[in-house]
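> From the sequence below, what's the structure:
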Amino acid sequence: MNYVIRSFSDSETVAQALAQLLTERLSAGGRAVLAGGTSALRAYELFGWADILWSRVQLIVSDERCVEPSSPDRNEKAILQALGHSKFTFHRFTAELGPEAAAAQMEAVVQELVPFDVVVLGLGEDAHTASLFPDRDLNFETLVAPVFDAPKPPPKRVTLTPKALSQTQLLVYIATSAGKRQALQKVMRGEDVPPNHIPASEVWILCDEAACGEPA
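Next up is the predicted model:
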């Protein structure tokens, strides 16, 4: 898989770059998948101020934890708070129903959203992305899948699958901090880790110096 790598001096400039990219790609509206994570959330804070056609923007999270909607552990809660307004359409995961019920209910929703214009994903220190973890079967036939045994709490989740995430014009990974360097190297070497199961026509990696080397 071919990756376009953009390296920046620190996580703040990575966030600025992602905010600018989202603004450019969604200026006239569009459909996007957003992941959580500190750098991504900072980018959404900046992106929330963009002068774009927000009424034509549709957003959905990459994955969600099966906890109550009011829980601070919900990705959607943090993302909506970062964006700071609700001028767009947000398709929330009904994760509180449990992994199987939520996945079944969201399948039709995601079917209507694909293909996406932009997908933003994080990268874990173990090279997981969304709630797709290494050493698991990732050959899903569905667009949404239940997760029962995530190696980090909470174990029950619901996630978009590679079949959904690969249907996008642009896939962007965010990797910041030295803790992500080893995972990023695995991705770049083409090892059998989840990001290498998500082919897309255009794949970018936005990283800071600590994660992937000297700034561009």
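
> hey, let's count contacts and neighbours off CA atoms from now on
Will do.

> so where do the strands sit in this protein?
4-8, 30-34, 57-61, 63-65, 89-91, 116-122, 144-147, 157-160, 168-175, 203-208 (DSSP state E).

> which regions of this structure sit below the pLDDT cut-off?
Within the chain, the segments meeting pLDDT under 70 span 214-216.

> what's the spacing between residue 6 and residue 35?
Distance of residue 6 to residue 35, given as Cα to Cα, to the nearest Å: 19 Å.

> ditto for residue 26
In terms of Cα to Cα, residue 26 sits 16 Å off from residue 35.

> Looking only at neighbour counts, state which of residue 6 and residue 35 leads.
The residue with more neighbours, out of residue 6 and residue 35, is residue 35; 24 against 17, by other Cα atoms under 10 Å.

> quick one: that one from residue 77, how far?
Taking Cα to Cα, one finds residue 35 at 12 Å from residue 77.

> who touches the residue nearest to residue 188 when sequence neighbours are not counted in this structure?
Counting by Cα to Cα, 6 or more residues apart in numbering, residue 3 is the residue found nearest to residue 188 once chain neighbours are left out, at 7.9 Å. By Cα atoms under 8 Å, 6 or more residues apart in numbering, the contact set of residue 3 is 188, 202, 203, 204, 205.

> Buried subset of those as a ChimeraX selection?
In ChimeraX, this line selects whichever of the contacts of residue 3 come out buried by 16 or more other Cα atoms under 10 Å:
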select :202,203,204,205
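
> what's the most distant pair in the contacts of residue 3?
188 and 202 (14.9 Å; Cα to Cα).

> re the thing from before, which among the contacts of residue 3 gets closest to residue 43?
Nearest to residue 43 among the contacts of residue 3, with distances taken as Cα to Cα, is residue 205, at 14.5 Å.

> Bridge partners for that closest one, pull those for me.
Judged by DSSP bridges, the bridge partners of residue 205 are residue 5, residue 173.

> wait, isn't residue 134 in contact with residue 125?
No - applying Cα atoms under 8 Å, one finds residue 134 not in contact with residue 125, separated by 10.9 Å.

> still on that earlier bit, residue 204 versus the residue nearest to residue 188, what's the distance?
6 Å.

> Ok, residue 45 next?
From residue 45 to residue 204 the distance is 21 Å (Cα to Cα).

> How about residue 193?
Distance, residue 193 to residue 204, using Cα to Cα: 17 Å.

> what sits against the closest residue in space to residue 160 that isn't next to it in sequence?
In this structure, residue 160 finds its nearest non-sequential neighbour in residue 144, 4.5 Å apart by Cα to Cα, 6+ apart. Applying Cα under 8 Å, 6+ apart to residue 144 gives the contacts 103, 104, 106, 107, 110, 158, 159, 160, 161, 164.
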